[in-house]
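Chemist: just a sequence and a predicted model for now, questions to come.
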Amino acid sequence: MSVTVVVGNPKPGSHTRRAAEMLAEQLSGREADETIELSELGPKLLGWGDPDVSETKDRTASSRLVIFASPTFKATYSGLLKLFLEQFSGGTGLEHIVAVPLMLGGGPTHALAPELTLRPVLAELGATCTSGLYLLDSSFDDGVVIGEYADRWRPMVQALFQGN
């Protein structure tokens with residue numbers, strides 16, 4: 001099973017990345033094969049047909065498990081992640097992918113953001129989605145919530161990939 005982390009934080013090396021990589025390892029039992037920092041694509045995401053964006057999109061679409069991670073901005077995911085997701089075809093762009101919507105924020109008021117904003121978009125693009133996970137920036141590092149989430153969803157993720 002190939003595992004990819006897509007990070008929609010404008011700041012490279014962020015808490016968002018760290019949390020997503022922790023989650024990928026907990027769900028799959030190993031480190032992610034690739035972590036994509038969308039901030040490295042920057043303005044290239046604004047145009048259609050950029051070769052770097054197209055290659056990144058293709059690598060993401062060929063993965064089996066993808067953690068789509070973003071900080072919470074104005075009660076939703078980042079514009080970087082939105083621009084990247086716009087590159088995928090509706091209904092089939094993320095077909096054959098198990099997608100995990102992950103968002104981090106400063107307080108509990110946006111705890112439903114992954115479920116209400118990110119998960120529906122991933123499903124619209126054809127992904128099979130787990131429930132969304134929201135983490136507090138200040139306390140995710142202990143790994144407790146990530147571990148509990150992974151314990152719940154790991155059997156489903158592994159069942160989807162048996163024999164692949």
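Modeler: Yes, it's here. Numbering: from 1, shown residues only.

Chemist: could you pull out the helices for the protein?
Modeler: Under the criterion DSSP state H, the chain contains helices at 15-28, 51-61, 79-85, 113, 119-124, 144-161.

Chemist: residues in contact with the third one?
Modeler: Read that as helix 79-85. Contacting residues not belonging to helix 79-85 are listed as 6, 8-10, 38-39, 41, 45-46, 53, 56-57, 68, 70, 73, 118, 121-122, 125 [C-beta atoms under 8 Å, 6 or more residues apart in numbering]. Where C-beta positions appear, they are placed from N, C-alpha and C, glycine not excepted.

Chemist: what does the fifth one give?
Modeler: Outside of helix 119-124, the residues within contact range by C-beta under 8 Å, 6+ apart are 68, 85, 90-91, 94, 99, 101, 129, 131-132.

Chemist: spatially central residue for this protein, please.
Modeler: Phe68 (0.8 Å; C-alpha atoms, centre = their mean).

Chemist: what residues are up against the closest residue to that one other than its chain neighbours?
Modeler: Leaving aside its chain neighbours, Phe68 sits nearest to Val6 (5.1 Å; criterion: C-beta to C-beta, 6 or more residues apart in numbering). Contacts were defined as C-beta under 8 Å, 6+ apart; by that measure Val6 touches 20, 36, 38, 60, 66-69, 81, 84.
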